[in-house]
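Undergrad: Provided below are the primary sequence and the corresponding predicted coordinates.
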Amino acid sequence: MSSSPQSPQQVVDAVSAICAQFSNDRHRMLDILLKVQGAYRCISPEAMEIIARQLGLTRIAVEGVASFYSFLSLAPKGRVTIRLCDDIIDRFAGLDAVVRVFESKLGIKMGETSADGAFSLETTPCIGMCDQAPAALINDAVATRLTAEKAGQICDALLAGTPPAAVVLSGSDELPAVERARRMVDNNIRHAGAVLLGPVPADAGLKNAAAMTPSQIISSIEDSGLRGCGGAGFVTGRKWRMAASGQAEKRFIMCNADEGEPGTFKDRVLLTERPHLLIEGMTIAARAIGAREGILYLRGEYAYLLPVLETVLAEQRANGRLGKAILGVRNYDFDIRVQLGAGAYVCGEEGALLNSCEGLPGEPKTRPPYPVTSGYLGYPTVINNVETFCHAARILDKGSQWFFGMGVDGSHGTKLFSVCGDCLNPGIYELPYGHSITELLELVGGEDASAVQVGGPSGTMIGRDSFHRKLSFDDLATGGAIIIFNGSRNILEIVDYYMSFFVHESCGYCTPCRVGNVLLQKAIGKFRKGLASQEDIAQLRDLSATIIETSRCGLGVTSPNPVLTSLKSFPLIYSAVSKPTQDGRQATFDIQSAIDGARHIAKRRSYIFDKDFSQ
Amino acid sequence: MNAPTDNGSRRDTAFTFSIDGVELRAYPGQTIMEAADAAGIYIPRLCDHEGLRHQGSCRVCTVKVGGRSVSACTQPASPGQNVEAETPHLAKLRRDLVEMLFHEGNHFCPICEASGNCELQAMAYRLEMTAPSRFPYLEPNRDVDASHRDIALDTNRCISCGRCIRASQDVDGKGLFGYVGRGIRRRVSVNGADLAHTDASIDDHAFSPEVCPVGCIIRKNEGFTIPIGERRFDHGLIGHDIEDKRK
């Protein structure tokens, strides 16, 4: 760490050394930038020049990556950066009071860095801790269940120079990695199902897979009915089959642990509680498609889990479960590296995930080609969610029929639901597909819910008249997020927040998502201010339809969902706050605020509209 | 991208597909737009430009294939497919997209040097974007970069098509431009503190008048040399050069 200022030559040497650590490989740009950010608290113009030179790129190419990710900064950040999660759940759980304490104790406002460079204070979208909100990241450490009092204690400790990890968990550096992660963050497993969270024997699936041919492995996944658990629900076996077919010099396995959908935290739990199972699943997939390398893309917000994963990977290498000749089987070679993200929801989109791993801004790739034919560095790549790989390992242990027998037609097996919001027992529930929302609400103690957001903002908001609907791919599909709101919550505030989330997280590549979502959020703002007319309701639908039909990736295709599904479930809320249109004139048009700008420019009042005009 | 290189086998592998009921010929690797252009069918576009990599970002070339929306500039043509390219619904979507671009930046045609040569303006005319808009204006306020002797940049008029980026990178081999930032704050920036601190030259392809579709890249000392009324789109709708091939 650069506690004393370095000479320009020392900076050149140090940044060059970081680049060299990654073999000056431009595909490892994100790792390089994260290291530089860690050492210098920013990516300075000088650092960008050095990186560009070392990697054979232009400076603007480096800046394009550095300016894309929220956790990288071109301006210097504090030695301790506090990122308060400002998700709607955190807001409803008392974020405001916590913010006030941080601001007054540290003497800086949100978004500022203290003059001595000690602290930065900022907000960040969902960090995957909605079951223990309000929460914050203090550098890599996680502070949960914040109150004004707890925030005060944290500030005092930080001001006294206590390292962040020790602030949130005393004696943390003496604990083993897994124990440290478990104590820092409660995993709140409320209901363990048969597949993932119940007892899981080590290596059982892997041992079976090692004795099977690749095609047999894929067949058993196909027969199980397993579908992707990240949200899109693509049939896993088909994906593996496609990636395995055709000629290719190399193939890759990639695990998407970039769960950024607000309200989702199931992968956090699996990464902490079932890391061996995940690695087993990836290793099985590697045998199925003939991959020798795997990448686990861990979202930047979960950096506290990096030591857990590194420990388990090292253990599995030592045990012959990773590396050369796995379980003694000739040519069964596979290893995994962890790629840490840097704060970008869109990287959960598989093309963006690939670009991010290739050292580019996390923008989705043009499709076709699809990752199964041309993925990481152009090679066939299977990208699956954490939960999907875990399921796959269990299927290889217990058989496809066992898995197929659970759930309902078209949605087989169990699913992890991360439940948060207005309920007694937020946390993780592993249930077979097919339960109704009513049943789930009884289980979690959320019977007084008046709205449930199924699948996070990109999913569906439903009201009481739809609580009979079932959690499955064919009815209410979800990557896992179940967010519960009781009758005291303002639906329009929720929708407004979710639109601001999409505006913040849009990569900006395509017009409809980049611009359309801003316009859509502004339109919702009109309703919140009571300035909307009935016509505006039609326009919400119209604009949403254009965004959905013309966006380039899943982010834009789902971003109008908060608006559309709340309009469908709660039409009366929109009608109640909009005013009727009279004589073709908008009753909501306010001449006084419309001419305010003109008053300002002319530096005088209006002859016509200001009755008491005198000058 | 994906352009067929093996000219010898092209004739053998040619196939047909249709756009709005018109049958046309394509070769493996050709995009819908490339095949359409060759056949004299114009599909509106802003970010795509002859001789540059396809980007598929403006989405104005959105067409329907089997009910699905795809960008014609990046979607490979495939045998027997029926493409819808010119329907009232698609025209409406395109109008919305062009409107979004007008509202994202500051596009004041009456005072813009590009007026009459501007593809955004021309596209608005072609798509009959005549009614007053429903959207608020975002009114960016970015500094104009007039540091270079021959070139000025007003990114408040930029539509993020990235044509200058690709032209400089792929044709000039310089990489003068790149995108920075994310989301609505994403913008085109230069490879240096400002344009004067790059090796930009007025002779670069990136600065040739047809690369920037709007008035963002301004060639100094040649303002209004062609009078209004005699400019590129004063003679016909955008796309007429392609459509004329069919006549």
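TA: Ah, there it is.
Undergrad: contact partners for residue B:158?
TA: B:105, B:187, B:188, B:214, B:216 (C-beta atoms under 8 Å, 6 or more residues apart in numbering or on different chains). In this view, the C-beta of every residue, glycine as well, is placed from N, C-alpha and C.
Undergrad: any figure for the gap between it and chain A?
TA: 12 Å (C-beta to the nearest C-beta, to the nearest Å).
Undergrad: if we can go back for a sec, could you export the contacts of residue B:158 as JSON lines, including neighbour count?
TA: Conversion of these to JSON lines gives the following (neighbours: other C-beta atoms under 10 Å in any protein chain shown):
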{"residue": "B:105", "neighbour count": "25"}
{"residue": "B:187", "neighbour count": "17"}
{"residue": "B:188", "neighbour count": "23"}
{"residue": "B:214", "neighbour count": "22"}
{"residue": "B:216", "neighbour count": "22"}
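Undergrad: dump those residues into CSV; add secondary structure, distance to chain A and pLDDT as well.
TA: As requested, the contacts of residue B:158 are arranged in CSV below (DSSP: H, G, I helix; E, B strand; the rest coil; distance: C-beta to the nearest C-beta, whole Å; pLDDT from 0 to 100):
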residue, secondary structure, distance to chain A, pLDDT
B:105, coil, 10, 96
B:187, strand, 9, 96
B:188, strand, 10, 97
B:214, coil, 13, 98
B:216, coil, 15, 97
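Undergrad: can you put those residues in TSV and add distance to residue A:489?
TA: Putting the contacts of residue B:158 into TSV (distance: C-beta to C-beta, whole Å) gives the following:
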residue	distance to residue A:489
B:105	37
B:187	36
B:188	41
B:214	44
B:216	44
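Undergrad: helices of the stretch 1-150 of chain A, start to end?
TA: Residue ranges of the helices in the stretch 1-150 of chain A, as given by DSSP state H, counting those that start in this stretch, are A:8-21, A:29-40, A:45-55, A:59-66, A:88-92, A:95-106, A:148-159.
Undergrad: just checking, what packs against the third one?
TA: By that I understand helix A:45-55. Contact here means 3 or more C-beta pairs under 8 Å, 6 or more residues apart in numbering or on different chains; DSSP states H and E; on that basis helix A:45-55 packs against helix A:8-21, helix A:29-40, helix A:59-66.
Undergrad: now swap in the longest one and tell me
TA: With contacts defined as 3+ C-beta pairs under 8 Å, 6+ apart, helix A:8-21 has these neighbours: helix A:29-40, helix A:45-55.
Undergrad: ok so, going back, please identify the deepest-packed of the helices and strands packed on helix A:45-55.
TA: With neighbours taken as mean count of other C-beta atoms under 10 Å in any protein chain shown, those reach their highest mean count in helix A:59-66, at a mean of 25.
Undergrad: residues in contact with the closest residue to residue A:361 other than its chain neighbours?
TA: If the residues on either side of it in the chain are set aside, residue A:361 comes closest to residue A:68, at 3.9 Å by C-beta to C-beta, 6 or more residues apart in numbering or on different chains. Under the criterion of C-beta under 8 Å, 6+ apart, the contact partners of residue A:68 comprise A:344, A:361, A:362, A:363, A:507, B:180, B:181, B:182.
Undergrad: just the pLDDT for the last one.
TA: Just to be clear, that refers to residue B:182. Residue-level confidence at residue B:182 comes out at 97, pLDDT.
Undergrad: low-confidence regions, chain A specifically.
TA: Applying pLDDT under 70 to chain A flags the ranges A:1-4, A:582-589, A:612-615.
Undergrad: tell me the residues of it that contact chain B?
TA: By the criterion of C-beta under 8 Å from any C-beta of the partner chain, the positions of chain A lying close to chain B are A:45, A:58-61, A:63-64, A:67-69, A:344, A:361, A:366, A:368, A:503-512, A:514-516, A:518-519, A:522, A:539, A:543, A:546, A:549-552.
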